[in-house]
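Trainee: this one's sequence-less:
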């Protein structure tokens, strides 16, 4: 099964981000927006795994979650991967990134004990809004990014880590939950 580990985003922030993807499309960017209910923060893409591996991976999530308290970050600012001259993904950043980076690093260590090699690419925490097919109006996209520089789209409460199965369908990916791990309660 095709799988990944992620943090779910609350419905209020997801709705605001879905509106932003629509705004990007109206500025001359053609692509496939991520459905509002599917916007998430990927901590680690695992690729194809066997269903029998899910319990061990869930244990790795639990080991990671036990060492981290719940926290809040802000969804803010727009960007593109790889760069504005040839954009492929429109994303929203997360600030401050430090708690997410620490969570990712710890998770990687636990997954490595299960035989998953560390990710070869640097981890850039982000929320994907739109997979870009064509950007006819790159200057319009650049203005949209500049207009939203530093803008907060709302708080993201990080309370759990989730193991998802990703089913690729013609209308977009569908996700099934295979495991969850709750972070420790943070200070009130």
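Mentor: Structure received. Given the structure is predicted, the values throughout are model-derived calculations rather than measurements.
Trainee: check which helix or strand residue 73 maps to.
Mentor: In this assignment (DSSP states H and E), residue 73 forms part of strand 71-81.
Trainee: where does the residue nearest the centre of the chain land in three-state SS?
Mentor: By CA atoms, centre = their mean, the chain has its centre lying nearest to residue 41, at 2.0 Å. For residue 41, the assignment made with DSSP: H, G, I helix; E, B strand; the rest coil gives strand.
Trainee: can you tell me the element the closest residue to it other than its chain neighbours falls in?
Mentor: Counting by CB to CB, 6 or more residues apart in numbering, residue 7 is the residue found nearest to residue 41 once chain neighbours are left out, at 4.3 Å. In this view, the C-beta of every residue, glycine as well, is placed from N, C-alpha and C. For residue 7, the host element (DSSP H and E) is strand 2-8.
Trainee: related to what we said a few turns ago, avg pLDDT for the strand holding residue 73?
Mentor: In this model, strand 71-81 has a mean pLDDT of 94.
Trainee: other SSEs contacting the strand holding residue 7?
Mentor: For strand 2-8, the packing partners by 3 or more CB pairs under 8 Å, 6 or more residues apart in numbering; DSSP states H and E come out as strand 40-48, helix 54-66, strand 160-167.
Trainee: give me the pLDDT value at the residue nearest to the centre of the chain.
Mentor: Looking at residue 41, the pLDDT reads 97.
Trainee: surely it meets residue 157?
Mentor: No - contact criterion CB atoms under 8 Å: residue 41 and residue 157 do not qualify, at 11.7 Å.
Trainee: any buried residues in the strand holding residue 73, and which?
Mentor: Across strand 71-81, burial judged by 16 or more other CB atoms under 10 Å covers 71, 73, 74, 75, 76, 77, 78, 79, 80.
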